[in-house]
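Asks: A predicted structure for the sequence below; I have some questions about it.
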Amino acid sequence: MTATFAPGECVAVAFHPGTGAAVVGEHGGTAAWPPGRADDEIARLERSAGPRWIWWGPDTARALVAAGVRPARCWDLDAVHRLLHGGWRSGPARVWAAANELDAAGIPTIAPVDLFHLESPDAGEGVVRADGHLDPGWVEGGWHADLECLSEWAELALQVQRAQDAALAELDRRPAAPATARAESAASLLCAELEHDGLPIEVPTAEAIIATYIGPRPTDATDEARLAAVRDELVLRHLPIGDIDLRNPANVKSLLRRAGIEVPDTRAWRLEQLRDRHPIIEALLAWRKAERIATTFGYRWLDEHVGPDGRLRGRWSSSDGAAGRMTATAGLHNLPAELRPAVVAESGRVFVRADLGQIEPRILAAVSGDESLIAATLDDDMYAPVAARLGVTRDIAKVAVLGAMYGQTTGQGAVALRGLESAYPTAMGYLDDAARRAEGGNDLRTRGGRRVPMSASTDSGNDDGPGREERSRAAARGRYGRNAMIQGAAAEFFKTWAVIVRARAATHGAQIVLCLHDELLVHAPGDAADAVRDIVDDGVQEARYRWSPGAGVRFVADTSVVSRWSDAK
DNA sequence: TGCGGCTATTG
DNA sequence: CACAATAGCCGCAG
């Protein structure tokens, strides 16, 4: 039997490669297919109805991408749960509990002994227990015991989606929250694709760059240790004293003391100012650079994370951390600039690279609604009008604005901060308000509706009242909360942009291969370069409208078409 | 073995 | 060295 689904209808899907797939539409249509047919039927439904697929979380997205299905629209219960409730903890049991207003502390777990005879859910009890929680056996794998279970799992997903929909609609003064939930869902799917596709790397080029720091690839562990000792010697020969481990900061301090140099720590920026005091400083800085490559971005890193197809792959999360930025492992978010020449588009393809200009101050203007600051965003360089208004240099204006968003209270920016307060009282008031609430341990919510929990982080352990410790912690919470409102909203804007680009670039055979907080790298067929470039640029304006309809803030992107990542900018 | 401190890299 | 992140090595407690 074949169920029909209306175009754009919400259709929950439970999918497991070994079991098959079950779908349940919001208007009651259902279908289920065994493993052999599931992939094709889902792809067919995607083409015919183009539903908004509802699924429990990233595992389903990964399974679909692995099966070759790349849906256009989705609703990721896990991603929306993290948006609504904050933090990183999620998973079906928590998502279900939150949607049904159950205490997460009451979530049942499987006793360890039961793990050994876990075949199918208890016959006596259904998926929803008497206390309202999901049966842990179902959560741990029972949901894909057979097609019948998949159908029930999909039906439950549909129920959670309705609850989330209602919760989003009730968010006070945040009309963009439902749009943010959709963007966050698509971003989660994008993460599954980023994991699958990887970032194109020219391995011989990467090896050549690594070799300039630490020489050719060691033949074995002994050789590796020998080469490391040779590097150590280049530093230690400047001050031949016994038993110094350069990897131990305390040892380095005493080494420098022999050269008559006393430092509170041995960070590079501090050592750089002491370059002319002793030649060992220069040698030590070079050693640090090489050590970094050897341990973190060397041959082992290449072997572990670059596949035989020349793609660098890491684990992606669509909304980790404080304010919901995307995160990635395997060095995808902190690749040293020196290695970027190794990021090369494949033959016949190009990179369309774009970054959002001055995204955080523009976001500040948008979320605060400060008319004067909004006016400043009309400039390509919004620090210029701010500097003119304050009567300071552009550099001072920039430091002051960034300092206001980070919570800086000392240094050069602090003086100009008073100027900001009188010139842009609405924007500064917005930041101060966020900081005050965070200091008091009150939860925050970003423009797009992401909850930033502060209450959980207020535990101060053993302290005797409001002493210096507690005041310092409160101040740290204030800076954290102040910044989370900006960084979090910027992350929402970025993801909205990214998923628009993802959808439109796909029709040209192009894929996003890197997301970097305010920067996109799209791997596109050479003859689609101009089209994708337009998609990226137009996408910024589309994102501005979707994320914040009606606001007069101008957002800008710097876009270029290159073969090598490092050729941009 | 796990965790905090230090260090380096990025936006 | 403000805000965020990942990741490596070291010393120290258990």
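Replies: Arrived safely.

Asks: SS state for the most centrally placed residue in chain A?
Replies: In chain A, the centroid-proximal residue (CA atoms, centre = their mean) is residue A:326; its distance is 0.7 Å. Local secondary structure at residue A:326 is given as strand here, using DSSP: H, G, I helix; E, B strand; the rest coil.

Asks: residue A:6 too?
Replies: coil.

Asks: tell me what the lowest-mean-pLDDT helix or strand in chain A is packed against?
Replies: The element with the least model confidence among the helices and strands of chain A, by mean pLDDT, DSSP states H and E, is helix A:412-423, at a mean of 88. For helix A:412-423, the contact count by 3 or more CB pairs under 8 Å, 6 or more residues apart in numbering; DSSP states H and E identifies helix A:383-390, helix A:394-406, helix A:425-439 as packing neighbours. Heads up, the C-betas are built off the backbone N, CA and C, glycines and all.

Asks: angle of the longest one against helix A:412-423?
Replies: With axes from the mean of the first three to the mean of the last three CA atoms, to 10 degrees defining the directions, helix A:425-439 sits at 120 degrees from helix A:412-423.

Asks: buried stuff in helix A:425-439?
Replies: Within helix A:425-439, the residues scored as buried using 16 or more other CB atoms under 10 Å are A:427-428, A:430-432, A:434-435, A:437-439.

Asks: what of the shortest one?
Replies: Burial within helix A:383-390, assessed by neighbour count using 16+ other CB under 10 Å, is assigned to A:383, A:385-387, A:389-390.

Asks: which of those residues sits closest to DNA strand C?
Replies: Using CB to the nearest atom of the strand, the shortest approach to DNA strand C within the buried residues of helix A:383-390 belongs to residue A:383, at 13.2 Å.

Asks: in contact with the closest one, which residues are there?
Replies: When the contact criterion is CB atoms under 8 Å, 6 or more residues apart in numbering, the partners of residue A:383 are A:358, A:361, A:394, A:397-398, A:401.

Asks: same question, residue A:252
Replies: If a contact means CB under 8 Å, 6+ apart, then residue A:252 has A:244, A:246, A:266, A:284 as its contacts.

Asks: wait, doesn't residue A:21 sit right on residue A:15?
Replies: Yes: applying CB atoms under 8 Å, one finds residue A:21 in contact with residue A:15, separated by 4.4 Å.

Asks: name the element residue A:505 belongs to?
Replies: Taking DSSP states H and E as the definition, one finds residue A:505 inside helix A:468-506.

Asks: flag every buried residue along that helix.
Replies: In helix A:468-506, the ones that count as buried by 16+ other CB under 10 Å are A:473-474, A:477-505.

Asks: also near DNA strand C: which of these, exactly?
Replies: Subset of these in contact with DNA strand C: A:479-480, A:483-484, A:487, counting by CB under 7 Å from any atom of the strand.

Asks: what does the pLDDT read for residue A:322?
Replies: Model confidence at residue A:322, given as pLDDT, is 82.

Asks: neighbours around the residue in the stretch 401-550 of chain A that DNA strand C sits nearest to, how many?
Replies: Distances between the stretch 401-550 of chain A and DNA strand C by CB to the nearest atom of the strand are smallest at residue A:408, namely 2.8 Å. Residue A:408: 16 surrounding residues under other CB atoms under 10 Å.

Asks: which SS class is it?
Replies: The local conformation at residue A:408, judged by three-state DSSP, is coil.

Asks: backbone phi and psi for the single nearest residue of the stretch 401-550 of chain A relative to DNA strand B, please?
Replies: The nearest approach of the stretch 401-550 of chain A to DNA strand B comes at residue A:517, 3.3 Å away (CB to the nearest atom of the strand). Phi and psi for residue A:517, reported as degrees, to the nearest 10, are phi 70, psi -50.

Asks: could you check how far it is from residue A:56?
Replies: Using CB to CB, to the nearest Å, one gets 27 Å for the distance from residue A:517 to residue A:56.

Asks: quick one, strands of the stretch 251-400 of chain A?
Replies: Secondary structure of the stretch 251-400 of chain A (DSSP state E, counting those that start in this stretch): strands at A:311-312, A:316-320, A:325-328, A:349-356.

Asks: looking at the ones you listed, spot the one closest to DNA strand C.
Replies: Counting by CB to the nearest atom of the strand, and looking across all of the strands of the stretch 251-400 of chain A, nearest comes strand A:325-328 at 4.2 Å.

Asks: who does the closest one pair with, and is each partner parallel or antiparallel?
Replies: strand A:316-320 (antiparallel) (DSSP bridges).

Asks: re earlier: residue A:414 is in contact with the residue of the stretch 401-550 of chain A closest to DNA strand C, correct?
Replies: Yes: using CB under 8 Å as the test, residue A:408 is close enough to residue A:414 to be in contact (6.7 Å).

Asks: that older thread, and the strands of the stretch 251-400 of chain A as a markdown table, adding distance to residue A:33?
Replies: Written out in a markdown table, the entries for these read as follows (distance: least, CB to CB, whole Å):
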| stretch | distance to residue A:33 |
| --- | --- |
| strand A:311-312 | 31 |
| strand A:316-320 | 28 |
| strand A:325-328 | 33 |
| strand A:349-356 | 35 |
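
Asks: next, format these as CSV and append distance to DNA strand B.
Replies: Formatted as CSV, the strands of the stretch 251-400 of chain A follow (distance: least, CB to the nearest atom of the strand, whole Å):
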stretch, distance to DNA strand B
strand A:311-312, 14
strand A:316-320, 13
strand A:325-328, 8
strand A:349-356, 7
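
Asks: quick one: closest of those strands to residue A:99.
Replies: Go through the strands of the stretch 251-400 of chain A one by one with CB to CB and the one that ends up closest to residue A:99 is strand A:316-320, at 17.8 Å.

Asks: that concludes my questions; thank you for your assistance.
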